[in-house]
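K.L.:
quick one, structure for this:
(one chain, ligands or ions: 1)
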Amino acid sequence: MITGITLREESFKQLRDFIYGQCGIFIPDTKKYLIEKRLSGRLQANELHDFDQYMEFLRGPRCHGEITFLIDAITTNETYFFREPDHFYIFLEHIVPDVLRRSGMRNINVWSSACSTGEEPYTLAMLVKEKCPGFKVSILGSDISNATIESARRGVYNSYSVRNAPEPYISRYFRHNCGGYELSPAIRECVRFININLVSDKKINFPIGMDVIFCRNVLIYFDLKSKRKAVSNLYDSLNPGGYLIIGKSEGLHDITRAFKPVIINNTLIYQRTM
Ligand SMILES: C[S@@+](CC[C@H](N)C(=O)[O-])C[C@H]1O[C@@H](n2cnc3c(N)ncnc32)[C@H](O)[C@@H]1O
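P.N.:
This is a model prediction of the structure:
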């Protein structure tokens, strides 16, 4: 990795605007170092000498493949199995019964948007397998980063990722070898993964008819405009009465009034109004 290449103020602003336009992530002045740190490897990979050249490259005709790498490098992909577990128990004990009762059907559609390397939708898949026999739960996982989606499809994790998973789930659904914790095919095949940019205007690949959407720990990276865009896109994907679950440190205050706040066991989730 190249170190010590400083990012001029003007190039920082240009790169920041470019990144914002691609994925809605807003990098404040105080996080200029983040671009330097995360993108210096891209200069090396493209044999470029400084960030001005990189910016030129991104605006040029061969930029498309590079934008994919840029997004992989700039996104923060922290996640793990059974993260913020209250949401999963609310999902099982309140949401699933409510959706099934209202629809009169035995199937439910769940979307784990911004799912990073897949721990969130796979946690759902394991819980559904254990606790919802007899129901068909279809689970979609998506992210803007192709690298995370490829990793999710592989389904191999390290000990950090599984550290909060209860022991019975580890022994039942993972094979532990020197390469890590390999998720069983029975769980892997429960989740379909695709690339979706939550702030897209064109809404490429956006699903419809969702009963529940998990969109946790991604809105924090957006400015207000991107948050509004993402939440409005998610609204359109939900069935009336469907649920939106965002991260525990996030809220829809200031973003929209189109969702009804619902508090269950002291945890705030949201429901699309009918
Ligand atoms: C911190 S991870 C959260 C993962 C998981 N939801 C959780 O709570 O553990 C945030 C994810 O959001 C994704 N992301 C960032 N901007 C996005 C966008 N515009 N559309 C879709 N996903 C995005 C990143 O690639 C990253 O994998």
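
K.L.:
can we go C-alpha only for contacts and neighbour counts from here?
P.N.:
Noted.

K.L.:
all strands of the stretch 51-200 of the chain, in order?
P.N.:
Ranges of strands in the stretch 51-200 of the chain, per DSSP state E, counting those that start in this stretch, are 107-112, 136-143, 156-157, 174-177, 180-183, 191-195.

K.L.:
how about those strands, which one is nearest the ligand?
P.N.:
Across the strands of the stretch 51-200 of the chain, the ligand has its closest neighbour in strand 136-143 (4.2 Å, C-alpha to the nearest ligand atom).

K.L.:
other SSEs contacting the closest one?
P.N.:
strand 107-112, helix 119-131, strand 191-195 (3 or more C-alpha pairs under 8 Å, 6 or more residues apart in numbering; DSSP states H and E).

K.L.:
need the strands of the stretch 51-200 of the chain in JSON lines (columns: mean neighbour count).
P.N.:
Compiled in JSON lines, the strands of the stretch 51-200 of the chain are given as follows (neighbours: other C-alpha atoms under 10 Å):
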{"stretch": "strand 107-112", "mean neighbour count": "22"}
{"stretch": "strand 136-143", "mean neighbour count": "21"}
{"stretch": "strand 156-157", "mean neighbour count": "20"}
{"stretch": "strand 174-177", "mean neighbour count": "15"}
{"stretch": "strand 180-183", "mean neighbour count": "18"}
{"stretch": "strand 191-195", "mean neighbour count": "19"}
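
K.L.:
these into TSV, with extra columns for mean pLDDT and distance to residue 164?
P.N.:
Shown next, in TSV, are these (pLDDT from 0 to 100; distance: least, C-alpha to C-alpha, whole Å):
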stretch	mean pLDDT	distance to residue 164
strand 107-112	96	19
strand 136-143	96	20
strand 156-157	98	13
strand 174-177	94	14
strand 180-183	97	13
strand 191-195	98	21
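
K.L.:
on that earlier part again, and the helices and strands packed on strand 136-143: which comes nearest residue 236?
P.N.:
Ranking the helices and strands packed on strand 136-143 by proximity to residue 236 (C-alpha to C-alpha) places strand 107-112 first, at 12.9 Å.

K.L.:
hmm, the closest one touching the ligand?
P.N.:
No: residues of strand 107-112 contacting the ligand under C-alpha under 6 Å from any ligand atom: none, with a closest distance of 7.1 Å.
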